[in-house]
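S.K.: Sequence below, structure please.
(4 chains)
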Number of protein chains: 2
Amino acid sequence: MKDITSQQNKVLNCIQVYIKKTGFPPTRADICQELGFKSPNSAETHLRALEKKGFISIESGTSRGISIINPEIEHDGNDYPIIGLVAAGSPTLATENVEKVFNCPQGFFGSNFDYFLRVRGLSMKDAGIMEDDLIAVKKTQDIKNGDIVIARIDDEVTVKYFHRHSPKIVHLQPANEDFSNIEIDLEHTELFIEGKSVGLIREN
Amino acid sequence: MKDITSQQNKVLNCIQVYIKKTGFPPTRADICQELGFKSPNSAETHLRALEKKGFISIESGTSRGISIINPEIEHDGNDYPIIGLVAAGSPTLATENVEKVFNCPQGFFGSNFDYFLRVRGLSMKDAGIMEDDLIAVKKTQDIKNGDIVIARIDDEVTVKYFHRHSPKIVHLQPANEDFSNIEIDLEHTELFIEGKSVGLIREN
DNA sequence: CATTATACTGTATATATATTCAGTATTAAT
DNA sequence: ATTAATACTGAATATATATACAGTATAATG
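M.R.: Purely as a prediction, here's the structure:
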């Protein structure tokens, strides 16, 4: 993510606060009023800069068409997004990945979590994780050996047991004898941990 | 919370999905397009009804000024008892069997259900049902072959696949090769079906 | 039976809003 | 030294949008 100037950061914060307060994004004029600008073009240019740098997206010709990209995931109450476990690509909250939202009380699973991941394949079947199950994923890097993690290698996302063999070697173990262990040398391969599983839901 | 009609519910869902997808609320026209209405006034009247009933708030004179009001968390109809799968005895709702209650939105699993059953043992592990999982049980006698049923033989309660071989012979099949099939001759043994599994929750 | 709520179509319009254009000024980079 | 990015004011405008008004029709209610 690119650099952001202090003024642009003010605008970004302003947008976030406005959405939190009202439930919908601000207009150019709203931003001007919040930050004391006198011309809507002040807001416009900041918005275009933020868009160019990838912090927001602006829907052209659409009123209040601002949306924040990759925000801290805020579950506005109790709706959690369900994200399809696509073969390639990060399971981000990019809109095209959100299957639907699922209403779930806070603290449903002991730990808090950020989204649901729809499971594809049977590589974790011996851990009781079946096709189409919903894994409650908590975005965290705090992983212990034996945790079930959502890992990304390049653009491939998988759910596996996490085992650190040595500072540089990590094993991603399936729970299905038909699948083989993945050994990762962190020296040569980039491993990104999206988070870990803190719960599971199955709809029959 | 007041009653909501099915059409109003569609509109409310439409708003939620739209916000989740785009980051901002829909216009009247957007709702019309999503739901197939031909007049913006169709959306308008539904919105006013939803506002009157307290599901949304509408900022007057403001484009996309719709925000969803978080309903009071209803503990009335949404607390389901968790019942321990005891080795002996029927999993009745007698208070002494209720571990605790679990708050869960209505319609959480497609079908309605009556209580949660805490799983003991691994006899259904190949069906992805592990120790300590919570099975959502619907009390019903409407069982098809292949359903996962909660069955009681004398005072023994088990969770198994249901297979009717003949009018008098029922097989209760585990999903674990370490356990053996149970064949029941209804002529000589009494089999009571407590209900069937319609969902599953796992807390890690 | 009259009334109210629901559930729409269709038209019209004031205004809310995005967006472009024309400037000015400062700072960082090439 | 010149370009590019930042950081604004101010005015103008096409259009996106809320919203009122005029109808039609059905079901529920008292």
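S.K.: what residues does chain A put near DNA strand D?
M.R.: Within chain A, the positions near DNA strand D by Cβ under 7 Å from any atom of the strand are A:5-8, A:32, A:36-42, A:45-46, A:49, A:52, A:61-65. Every residue, glycine included, has its C-beta placed from N, CA and C.
S.K.: Report the entries of those that also contact chain B.
M.R.: Intersecting the residues of chain A next to DNA strand D with the surroundings of chain B, defined as Cβ under 8 Å from any Cβ of the partner chain, gives A:62-65.
S.K.: so A:Lys10 touches A:Phe37, yeah?
M.R.: No - if you go by Cβ atoms under 8 Å, A:Lys10 and A:Phe37 don't touch, sitting 10.4 Å apart.
S.K.: higher neighbour count, these two?
M.R.: Ranked by neighbour count (other Cβ atoms under 10 Å in any protein chain shown), A:Lys10 and A:Phe37 place A:Phe37 first, with 18 against 15.
S.K.: Between the ones next to chain B among the residues of chain A next to DNA strand D, identify the one with the most neighbours.
M.R.: Among these, A:Arg64 has the most neighbours (other Cβ under 10 Å), with 23 neighbours.
S.K.: That residue contacts B:Phe24, correct?
M.R.: Yes - counting by Cβ under 8 Å, B:Phe24 is a contact partner of A:Arg64 at 5.1 Å.
S.K.: Next, show the common contact partners of those two.
M.R.: The overlap between the contact sets of A:Arg64 and B:Phe24 (Cβ atoms under 8 Å, 6 or more residues apart in numbering or on different chains) consists of A:24-25, B:64.
S.K.: can you tell me which of the residues you listed are up against DNA strand C?
M.R.: Counting by Cβ under 7 Å from any atom of the strand, the members of these near DNA strand C are B:Arg64.
S.K.: and the shared contacts of A:Arg64 and B:Phe24, which of them are in helices?
M.R.: Among the shared contacts of A:Arg64 and B:Phe24, no member falls in helices (DSSP state H).
S.K.: between the shared contacts of A:Arg64 and B:Phe24, which is nearest A:His188?
M.R.: Closest approach between these and A:His188, by Cβ to Cβ: A:Pro25, at 43.0 Å.
S.K.: neighbours of the closest one, just the number please.
M.R.: Counted with other Cβ under 10 Å, residues neighbouring A:Pro25 total 25.
S.K.: Strands of chain A, residue ranges please.
M.R.: A:56-58, A:66-68, A:79-84, A:98-103, A:115-118, A:134-138, A:148-153, A:156-166, A:169-173, A:182-185, A:191-203 (DSSP state E).
S.K.: Dump those into TSV; add mean neighbour count, distance to DNA strand C and mean pLDDT as well.
M.R.: Listed next are the strands of chain A as TSV, based on neighbours: other Cβ atoms under 10 Å in any protein chain shown; distance: least, Cβ to the nearest atom of the strand, whole Å; pLDDT from 0 to 100:
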stretch	mean neighbour count	distance to DNA strand C	mean pLDDT
strand A:56-58	18	5	91
strand A:66-68	20	7	91
strand A:79-84	19	23	76
strand A:98-103	16	21	65
strand A:115-118	23	28	88
strand A:134-138	24	31	91
strand A:148-153	21	32	90
strand A:156-166	17	34	90
strand A:169-173	18	38	93
strand A:182-185	15	35	93
strand A:191-203	21	27	90
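S.K.: Am I right that A:Gly23 is in contact with B:Ser67?
M.R.: Yes - the criterion here is Cβ under 8 Å, and A:Gly23 meets it with B:Ser67 at 2.7 Å.
S.K.: May I have the beta-bridge partners of the closest residue in space to A:Leu47 that isn't next to it in sequence?
M.R.: Using Cβ to Cβ, 6 or more residues apart in numbering or on different chains and skipping residues adjacent in sequence, the residue nearest A:Leu47 is A:Ile58, 6.1 Å away. Judged by DSSP bridges, the bridge partners of A:Ile58 are A:Ile66.
S.K.: A:Thr140 and DNA strand C, how far apart?
M.R.: Distance, A:Thr140 to DNA strand C, using Cβ to the nearest atom of the strand, to the nearest Å: 35 Å.
S.K.: thinking again about what came up before, among the residues of chain A next to DNA strand D, name the buried ones.
M.R.: For those, a burial check counting by 16 or more other Cβ atoms under 10 Å in any protein chain shown picks out A:8, A:32, A:37, A:42, A:46, A:49, A:64-65.
S.K.: I figured A:Ser120 was touching A:Ile129, is that so?
M.R.: No Ser there; residue A:120 is Arg. No - contact criterion Cβ under 8 Å: A:Arg120 and A:Ile129 do not qualify, at 10.7 Å.
S.K.: Could you check which of these two is surrounded by more residues?
M.R.: A:Ile129 (23 against 16).
S.K.: OK, contacts around A:Met124?
M.R.: A:Met124 sits next to A:148, A:159-161, A:174-176 when contact means Cβ under 8 Å, 6+ apart.
S.K.: I figured A:Ser57 was touching A:Glu51, is that so?
M.R.: Yes - under the criterion of Cβ under 8 Å, A:Ser57 makes contact with A:Glu51 at 6.4 Å.
S.K.: Closest one to DNA strand C out of the buried ones among the residues of chain A next to DNA strand D, please.
M.R.: Distances from these to DNA strand C were compared by Cβ to the nearest atom of the strand; the smallest belongs to A:Arg64, at 4.8 Å.
S.K.: mind listing what A:Ile69 touches?
M.R.: Here A:Ile69 is in contact with A:54-57 (Cβ under 8 Å, 6+ apart).
S.K.: Go back to those and keep what's next to chain B.
M.R.: Answer for the contacts of A:Ile69 near chain B (Cβ under 8 Å from any Cβ): A:Ser57.
S.K.: Run the contact check for stretch A:149-162 versus chain B.
M.R.: No - for stretch A:149-162, no contact with chain B is found by Cβ under 8 Å from any Cβ; the gap never falls below 11.8 Å.
S.K.: Which residue of chain A lies farthest from its centroid?
M.R.: The outermost residue of chain A, judged against the average C-alpha position, is A:Lys38 (36.0 Å), by Cα atoms, centre = their mean.
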